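Undergrad: Quick one: sequence and predicted model below, then my questions.
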Amino acid sequence: MKEKIKSLLNSQLVQVSSFTSISTLIKIGTTFISAKVLAVFTGPAGIAMLGQLTNFITILIQVSTGATGTGIVKLTGQYQEDKPQLKKIIDTSFTLNILFSGLVLLLIFLFQNQLTLFVFNELKYKWLLYFVAIGTPLIAINNFILSVISGLHQFKKYVAINIFSSILSVILTVGLVYFYTIDGALLAYILTQTLIFFVSLFYSKTIQWKETISFAIDKSITKKLAHFSLYVIVSAFCFPFAQILVRNLIIDTFGIDTAGIWEGTNRISSMYLLLITSAIGVYFFPKISNLKTIQEVSKELNFAFKVFVGATLFAGFLLLLLKSFIIPLVLSKAFLHINNILYIQVIGDVFLIAKMLLSMVLLSRDKTKVMVFFEIIFTAIYIVSNYILVLNFPDLTNIIWAYPIYTFLYFLTLFLTYKRIVNVVEN
């Protein structure tokens, strides 16, 4: 018995889960500090503007890397013992990242006025696009390094980099927000994404980059990376793009403070979901990807629904019970209107986690094209729902129902698709 316990504690899964949990808890802590500083010094307007920038950078990261991150992790892990093939993977991935980030940098400089207006609604933030453009290649290479480290199963280094990123983020946010308020908050976010490159480079020094990397593109590797990139780039683009549109709609219709309340609701939600989504990423997707039969998949999915959806219901209930205390603590009294709409957000969060589990099952069964189609369709539904609600029910309490409508319909469609797959296999 003692040997079994010792073996379990020394297993890679337990070690990786432990490291990830520590990193996630630190991220929650630093996110809490950053959110509090932002709420106190910038108010709802600052939270709204940072939400715009965060969505824009999310899109930028995937486009500037060609959404190759997932593919790099998968292929480097698969071929880490095959040195010639591994070199082809690293060469091709690095070259693609450089090419895509160079293209994005050029496009930012060419269309900086249009992009500034789209993201910030006013040209006074045009100067931020210069920082974004300059940082784009470093952000792309940083994501490349992180993907290689993860693929080579160097989890301690991967977690250490994420911890440094969280600490760097809170230091820059507190310092720059104190002196420059909203401008400081936006600049801090860009600088964190850029400067973490140097931390990643330091931790990856054991990888002989000069000897390992050369500019070359292998067609077969590119094709394999493209297979993984399709869904990632669509999903990473669609919902952040939709949120920018919706936030702009709310700003134009009700003002930036209302958009800040809407964004504050999202941030409260993302903080309590972070631990759950991290656990899903560490445990569920690797587990489901290795299962062979549909019976095994169904059993694991049922277990995951009980654990992760149950945890979301419990966490959401606690949040609603303590909302009058939590909202002023995490944000400020300026965000107390969230009290009236938080239950709607929690309903959407429950279906979001259920949807996430089913999407991972379908992706693990090679239903990438189906998932890409669904992602585009339901992003469109989310955008249209928001526009209809804004035009017909000019109140944030009604508008926020677009989120649970979107997550419920998405979940229901994925559930019916999954049941159809099960029936086909069984028959």
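TA: Here it is on my side, so go on.

Undergrad: How about the contacts made by residue 385?
TA: Neighbour list for residue 385: 401, 402, 405, 406 [criterion: CB atoms under 8 Å, 6 or more residues apart in numbering]. No exception for glycine: its C-beta is placed from N, CA and C like everyone else's.

Undergrad: What distance do you get for the first one to residue 414?
TA: Translated: residue 401. 20 Å (CB to CB, to the nearest Å).

Undergrad: And stretch 122-131, end to end?
TA: With CA to CA, to the nearest Å as the measure, stretch 122-131 spans 17 Å from end to end.

Undergrad: That stretch - what's its average pLDDT?
TA: Averaging pLDDT along stretch 122-131 gives 90.

Undergrad: if we can go back for a sec, comparing residue 401 and residue 414, which residue is more hemmed in?
TA: residue 414 (23 against 17; other CB atoms under 10 Å).

Undergrad: Please give me every residue in contact with residue 333.
TA: Contacts of residue 333 (CB under 8 Å, 6+ apart): none.

Undergrad: and residue 80, what are its phi and psi?
TA: Per-residue torsions, residue 80: phi -70, psi -20 (degrees, to the nearest 10).

Undergrad: can you pull the contacts of it?
TA: Applying CB under 8 Å, 6+ apart to residue 80 gives the contacts 86, 151, 152, 153.

Undergrad: Just the buried residues out of these, in PyMOL syntax.
TA: The PyMOL selection below is limited to those of the contacts of residue 80 classed as buried (16 or more other CB atoms under 10 Å):
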select buried, resi 86+151+152
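
Undergrad: Now, the contacts of residue 80 that are in helices?
TA: Among the contacts of residue 80, the members falling in helices are 86, 151 (criterion: DSSP state H).

Undergrad: tell me what the helix ranked longest in the chain is packed against?
TA: The single longest helix within the chain, with elements called by DSSP H, is helix 12-64. On a contact count with 3 or more CB pairs under 8 Å, 6 or more residues apart in numbering; DSSP states H and E, helix 12-64 meets helix 83-110, helix 112-120, helix 126-151, helix 155-203, helix 219-254, helix 256-279, helix 323-330.

Undergrad: Past that helix, which element shows up next along the chain?
TA: Counting by DSSP states H and E, the next helix or strand C-terminal to helix 12-64 is helix 69-78.

Undergrad: Check which helices and strands that following helix is in contact with.
TA: helix 83-110, helix 126-151, helix 219-254.

Undergrad: Quick check: which of those helices is nearest to residue 33?
TA: helix 126-151 (22.7 Å; CB to CB).

Undergrad: how far off helix 12-64 does that closest one point, in degrees?
TA: 140 degrees (axes from the mean of the first three to the mean of the last three CA atoms, to 10 degrees).

Undergrad: Can you report how many residues lie near the nearest residue to residue 239 once chain neighbours are set aside?
TA: Using CB to CB, 6 or more residues apart in numbering and skipping the chain neighbours, the partner closest in space to residue 239 is residue 379 (5.9 Å). When counting by other CB under 10 Å, one arrives at 22 neighbours for residue 379.

Undergrad: residue contacts, residue 379?
TA: Neighbours of residue 379 in contact, by CB under 8 Å, 6+ apart: 238, 239, 241, 242.

Undergrad: Same check on residue 214?
TA: By CB under 8 Å, 6+ apart, the neighbours of residue 214 are residue 91.

Undergrad: just residue 58 next, same as before
TA: Going by CB under 8 Å, 6+ apart, residue 58 touches 236, 240.

Undergrad: do the one 10 residues further on as well
TA: Under the criterion of CB under 8 Å, 6+ apart, the contact partners of residue 68 comprise 93, 96, 97, 144, 147, 225, 228, 229.
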